[in-house]
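S.K.: Quick one, structure for this:
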Amino acid sequence: MSRTLRSLVFVLLLAAGCGRAENSLLLLDDLPDVESITIEGCHAFSEKTVKSVMITTTPDWWNPFGEQKYRKGQLKSDLGAILTFYYRHGYLRAEIVDEQIRRSGNKVHILIRIQEGEPVTVRDVVIVGARSFNPNDIQKKLALKRGRPLDIFQLQEDRRLILRTLSEQGYWEAKVEADVQFFGQEGVVFYILTEGSPVEVRSITVEGLTQVRPKLAYEDISVKEGQLLRYKELERSQIRLLQTGYFADAQWDTTGLDTLTHQVSVGFTVRERRLQWVEAGIGLSSQENLNFTLGWGTRNFLNSGLQFGVRSQTSLDLTDRLPSILDEHTTQFTWSRTRLFRSPWEGRLTLAYVRDNEVAANDAPYSQDILGARLAVQRNFQNLRSQTGVALESRWVNNHASEGARLSDPQLYLNSYLTRILSGWVEWIQTNDFFSPTRGGIWGLRGQLAGGSLGGNNGFESLTGGVRRYVTLPGGGGWVLATRLRLGNIWTPADSTVGGRPITTEAELVPTDDRYYAGGANTVRGYQQDGLDGTVPITNATDVFQAQGGVVQYLLNVELRFPVLGKLGGVLFLDSGNVWQDADQFGLNRLVPTSNPASVSPFDVRYTYGFGIRYASPVGPIRVDFAWPWNLPAGTDPAKEQSWYVALGQSF
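M.R.: Numbering: from 1, shown residues only. Below is the predicted model:
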């Protein structure tokens with residue numbers, strides 16, 4: 001089955017899933033259709049903007065699944081949504097003065113008249129009674145500020161924010177009253193605080209434990225007896241309990257507050273997960289591979305808190321890229337322990353075997369048997385989503401290469417070699433959603449040191465950094481601008497040979513798996529997976545002997561994400577990137593694009609553009625993308641590049 005056909009089948013199945021059930025259509029047959037909706041009296045906002053908050057809609061050619069049937073109860077809910085919209089923008093005296101329903105046959109015409117009134121803005125925000133913190137500090141965090149619309153719903157949100165700030169200082173007996181004094185079309189917001197006394201933790205209990213030893217649960221609770229009860233520590237304890245993998249749910253209870261002694265008994269209630277797990281699956285990856293997965297593990301090995309798992313995955317090639325159908329097989333054993341030696345660090349030991357079949361730049365086949373051992377320690381910080389860690393890894397590689405592959409890459413000329421790498425990384429995650437962020441960012445930096453005092457047959461240093469930003473565009477339409485920048489560089493030793501073979505590029509001093517690659521569904525769409533590998537188009541017989549992969553990487557992606565209908569969304573994107581086998585091949589002049597193939601150098605940054613659709617499934621966005629390469633260099637066969645991509649999750 002071709003890539004285009006597979007993608008078309010996926011889109012048709014997706015569209016079929018968005019339709020209504022046959023029985024549902026029969027139930028709707030007796031309801032009249034909404035032919036028109038007219039809203040009069042909206043001057044502060046456009047009629048289109050006011051209609052956008054309604055569920056009831058009129059027929060549109062681009063919206064075949066919209067709610068086009070007239071329901072009296074739904075219209076009543078829509079009128080409430082319109083008033084809420086006005087209230088949130090400061091129009092506190094807005095009202096629906098008239099609604100008319102005119103029926104003509106099986107068609108309904110709806111007329112809504114609104115009286116907006118004058119908007120009320122915030123003149124000032126005053127906090128009274130604060131003793132444990134500076135009122136000016138909390139005012140910076142409040143959404144209601146001088147000159148903004150007086151949003152009565154946000155008034156209560158800000159009140160809860162003040163209560164949470166007080167609970168962070170241990171003032172769980174605190175009370176906050178919110179009041180507004182009006183002066184014409186302005187209002188002064190008052191928050192009146194009664195702090196009370198700070199509250200200490202009297203005792204801590206955990207309920208719901210049947211398979212997990214209490215000691216394993218208590219060590220992940222950062223709330224301590226005899227200390228002030230702080231909201232952040234309760235939240236941190238809940239997250240840590242869930243991150244252990246033992247529990248499907250964890251809730252806390254602080255209702256046992258004694259206002260005489262100013263103490264509280266904190267109770268955690270957990271719901272345990274099945275401690276043993278088995279997984280089996282089949283799926284299609286972004287590399288056009290058919291993957292078979294089988295695994296088993298336990299989350300609490302011998303009730304010791306040690307997690308153990310074994311996982312095996314076999315990938316079959318569907319693109320005729322390889323001489324054999326087997327692309328890669330991996331089997332790995334993993335042991336991990338949270339709260340390593342009662343510290344905030346997690347320890348993880350992984351042993352793996354990999355059989356990898358590949359082809360060199362001249363289509364010569366080769367395979368590698370890889371035995372790996374990796375020991376890592378890491379810890380979460382800040383909001384417990386950010387992470388830092390270090391790892392020591394050893395890889396023993398046995399090459400099985402044809403003569404053509406051996407000639408193309410000195411690393412493949414070696415029968416076997418050992419690479420030992422020390423890695424360190426840090427990643428800050430400050431996004432509002434895991435699957436599809438609409439604001440915030442992710443910053444990451446990873447460094448590697450191989451060889452030298454660590455031993456092994458290869459030595460190099462690398463540094464890779466990246467940043468992702470997500471910005472919600474103004475206007476309230478749900479449009480999001482997503483960007484990603486990634487830069488990487490590998491420093492190689494001043495050697496001129498590998499295993500006695502002379503090198504032609506710096507990349508040949510680095511093992512094949514440690515070089516940079518680009519191209520594919522998650523980097524530069526419009527190119528095959530790892531299709532941007534630093535090689536040049538073949539123009540003479542000597543070009544067929546060239547290694548794949550680079551020592552310098554540049555990647556920049558821009559996506560405009562927008563809602564389409566219900567769970568369906570759309571994307572317009574621009575991808576750019578490349579890798580270089582020698583550091584001196586890259587320069588700022590490589591960033592300037594040109595569409596004339598005769599003027600495009602193989603060392604220029606490649607640009608692609610395209611569009612895609614997104615479907616918000618329970619396990620993450622399902623995406624279908626189509627891309628066009630913009631600046632293909634002369635000698636490149638466009639038929640070898642890829643245009644359609646089907647994958648799970650956002651591209652970044």
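S.K.: so where is this protein shaky, pLDDT-wise?
M.R.: 1-29, 60-67, 285-288, 538-544, 635, 637-640, 642 (pLDDT under 70).
S.K.: how about the helices of it, start to end?
M.R.: 3-17, 22-28, 47-51, 72-88, 135-139, 152-168, 214-218, 231-243, 403-408, 410-413 (DSSP state H).
S.K.: out of these, which comes closest to Ser36?
M.R.: helix 47-51 (11.0 Å; CB to CB). Yep, even glycine has a C-beta here, placed from its N, CA and C like the rest.
S.K.: Which residues does that closest one contact?
M.R.: Defining contact as CB atoms under 8 Å, 6 or more residues apart in numbering, one finds that helix 47-51 is touched by 37-39, 42, 57, 82, 85, 114, 476.
S.K.: Derive a ChimeraX selection command for the buried subset of those residues.
M.R.: In ChimeraX, this line selects whichever of those come out buried by 16 or more other CB atoms under 10 Å:
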select :37,39,42,57,82,85,114
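S.K.: Of all pairs in the contacts of helix 47-51, which one spans the longest distance?
M.R.: The widest separation within the contacts of helix 47-51 (CB to CB) is 21.7 Å, between Thr38 and Gly476.
S.K.: re the thing from before, now, among the contacts of helix 47-51, which is nearest to Ile282?
M.R.: Looking across those and measuring by CB to CB, the closest to Ile282 is Thr57, at 39.7 Å.
S.K.: My read is that Thr505 contacts Gln548, right?
M.R.: No - applying CB atoms under 8 Å, one finds Thr505 not in contact with Gln548, separated by 10.5 Å.
S.K.: so what's in contact with the two at the same time?
M.R.: Counting by CB under 8 Å, 6+ apart, the residues touching both Thr505 and Gln548 are Gly534.
S.K.: Tell me where the stretch 501-650 of the chain has strands.
M.R.: Secondary structure of the stretch 501-650 of the chain (DSSP state E, counting those that start in this stretch): strands at 501-502, 552-565, 568-580, 606-617, 620-629, 644-648.
S.K.: pull the CA atoms of stretch 381-398 into PDB?
M.R.: Written as PDB, here are the backbone C-alpha positions of stretch 381-398 (Å, rounded to 0.1, in the frame of the first residue of the first chain):
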ATOM      1  CA  PHE A 381      12.100  20.300  40.000                       C
ATOM      2  CA  GLN A 382      10.000  23.500  40.000                       C
ATOM      3  CA  ASN A 383       6.600  22.200  38.900                       C
ATOM      4  CA  LEU A 384       7.800  18.600  38.900                       C
ATOM      5  CA  ARG A 385       7.700  18.600  35.100                       C
ATOM      6  CA  SER A 386      11.000  20.100  34.600                       C
ATOM      7  CA  GLN A 387      14.000  17.800  34.900                       C
ATOM      8  CA  THR A 388      17.700  17.500  35.200                       C
ATOM      9  CA  GLY A 389      20.000  14.500  35.200                       C
ATOM     10  CA  VAL A 390      23.200  12.700  34.300                       C
ATOM     11  CA  ALA A 391      23.800   9.300  32.600                       C
ATOM     12  CA  LEU A 392      26.700   7.000  31.900                       C
ATOM     13  CA  GLU A 393      26.300   4.800  28.800                       C
ATOM     14  CA  SER A 394      28.400   2.100  27.200                       C
ATOM     15  CA  ARG A 395      27.700   0.700  23.700                       C
ATOM     16  CA  TRP A 396      29.400  -2.300  22.200                       C
ATOM     17  CA  VAL A 397      28.800  -2.300  18.400                       C
ATOM     18  CA  ASN A 398      29.500  -5.100  16.000                       C
END
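S.K.: Show me which positions of that stretch end up buried.
M.R.: Under 16+ other CB under 10 Å, the buried positions of stretch 381-398 are 384, 386-389, 391, 393-395, 397.
S.K.: same deal with stretch 490-500?
M.R.: 490, 492, 498.
S.K.: ok, now stretch 419-429?
M.R.: Buried residues in stretch 419-429 (16+ other CB under 10 Å): 419-423, 425-429.
S.K.: Distance from it to the middle of the chain?
M.R.: The chain centroid and the centroid of stretch 419-429 are separated by 20 Å under CA atoms, centre = their mean, to the nearest Å.
S.K.: Please enumerate residues in contact with that stretch?
M.R.: 382-383, 385-395, 397, 441-451, 454-458, 511, 514.
S.K.: Just to be sure, which of the buried residues of stretch 419-429 are found in strands?
M.R.: Using DSSP state E, the members of the buried residues of stretch 419-429 that fall within strands are 419-423, 425-429.
S.K.: can you redo those as TSV with distance to Arg486?
M.R.: Output for these, formatted as TSV (distance: CB to CB, whole Å):
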residue	distance to Arg486
Thr419	23
Arg420	25
Ile421	20
Leu422	22
Ser423	17
Trp425	14
Val426	15
Glu427	13
Trp428	15
Ile429	16
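S.K.: how near is the closest residue to Asn289 other than its chain neighbours to Asp363?
M.R.: Computed as CB to CB, 6 or more residues apart in numbering, the closest residue to Asn289 that is not its neighbour in sequence is Ser315, at 4.2 Å. As defined by CB to CB, to the nearest Å, Ser315 lies at a distance of 19 Å from Asp363.
S.K.: neighbour count winner among the two?
M.R.: Shown here are Ser315 and Asp363; by other CB atoms under 10 Å, Ser315 has more neighbours (21 against 13).
S.K.: Return the set of residues that bridge with the nearest residue to Asn357 once chain neighbours are set aside.
M.R.: Nearest non-adjacent residue to Asn357, counting by CB to CB, 6+ apart: Ser367, 4.7 Å away. Judged by DSSP bridges, the bridge partners of Ser367 are Asn357, His400.
S.K.: Quick check, Ser367 in contact with His400.
M.R.: Yes - counting by CB under 8 Å, Ser367 touches His400, with 4.6 Å between them.
S.K.: Among these two, which residue is more densely surrounded?
M.R.: Per other CB under 10 Å, whichever of Ser367 and His400 has more neighbours is Ser367, with 19 against 14.
S.K.: Pull the contacting residues for that one.
M.R.: Listed by CB under 8 Å, 6+ apart, the contact set of Ser367 reads 355-358, 399-401.
S.K.: Show me which of these are buried.
M.R.: Here, 16+ other CB under 10 Å leaves 355-358, 399, 401 buried among the contacts of Ser367.
S.K.: My guess is Arg103 contacts Asp33. True?
M.R.: No - checked against CB under 8 Å, the pair Arg103 and Asp33 is beyond contact range at 10.4 Å.
S.K.: Make JSON lines from the contacts of Ser367 and add distance to Pro119 to it.
M.R.: As requested, the contacts of Ser367 are exported to JSON lines (distance: CB to CB, whole Å):
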{"residue": "Arg355", "distance to Pro119": "68"}
{"residue": "Asp356", "distance to Pro119": "65"}
{"residue": "Asn357", "distance to Pro119": "67"}
{"residue": "Glu358", "distance to Pro119": "65"}
{"residue": "Asn399", "distance to Pro119": "73"}
{"residue": "His400", "distance to Pro119": "75"}
{"residue": "Ala401", "distance to Pro119": "74"}
